[in-house]
Structures are given as structure tokens and as C-alpha cells.
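Asks: Sharing a model prediction with you, sequence too.
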Amino acid sequence: MIASPYASAICPHPNEMDRLRIEKMLGERERYKYVSPKVLPDIEGYLVRSPCCSRTVAPDGGEIDIARIEYQSGDFWRLYCKDDSKACWRAHSEFHNLASLLALLVADPKREFWR
């Protein structure tokens, strides 16, 4: 297992096991199955990036931010979506476990992430 420069004894995330788990679950998503997203370690969590799914988001193509997943010290997870107009992350929702968060990200019923 590769040690993350961000993980510590205080916050166990990111870690390679959960990063791979997230990456595997994203393969089950319902939208834009033809692109291969990346899950990167980020401060206290993970960053999901993907080749551009829509020219309305990035007219020149390339990779775009899909979601940010952050572990919170109160033993819960926070999911962020990208606000493209302001070029910043916006807190979207909170979950008691990573599986529930990933279920929403994979389904993305309102097209807030895979846009």
C-alpha cells in the first residue's frame, strides 16, 4: 500500500484502500461510462477528476473536476460538487458512510456531478 502524504494518525484519509474502492465503484456509474475518471488523494479525502463529459463545462476539453469527497472528524463524509461558474467547491451533502455517498455519486439523478 502506498502511503499518502496527506494521511495522518488523526485523519486516516486519504488512503490507498479507500481510493481504489472509490475508483472501482465509479465504474458502476450511470452517466458518461465511456470516460475513465481518476481518484486522487486530497487533503482529508479524495478528488474525482474525469475527461471532459460536456463541451458546455470545458469547451476546450481536457479534465474537469467531478467531485470532492472529504472525511470529517465527527466520523462522517462530506460530498462536494464543483460550481463551474464560480470555480469553487460547494458542499453538497453529508453521509454516515462512504457507501451511501458513492451510491449518490454513481447514480447522480440530478446531473450535478457528471455534467
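Replies: Ah, there it is. Residues are numbered from 1 along each chain as shown.
Asks: Could you pull out the helices in the protein for me?
Replies: 16-26, 98-107 (DSSP state H).
Asks: Y80: which of these is closest?
Replies: Among those, helix 98-107 comes nearest to Y80, with 10.7 Å by Cβ to Cβ. In this view, the C-beta of every residue, glycine as well, is placed from N, C-alpha and C.
Asks: In this structure, where is pLDDT below threshold?
Replies: Flagging of the chain using pLDDT under 70 yields the residue ranges 1-11, 53-56.
Asks: Looking at it, which strand is longest?
Replies: Counting by DSSP state E, the longest strand found in the chain is strand 63-72.
Asks: Give me the angle between that one and helix 98-107.
Replies: Here the directions of strand 63-72 and helix 98-107 differ by 160 degrees (axes from the mean of the first three to the mean of the last three Cα atoms, to 10 degrees).
Asks: circling back to that earlier point, any idea which of the helices of the chain gets closest to W89?
Replies: It's helix 98-107; of the helices of the chain, that one is closest to W89 (Cβ to Cβ) at 14.1 Å.
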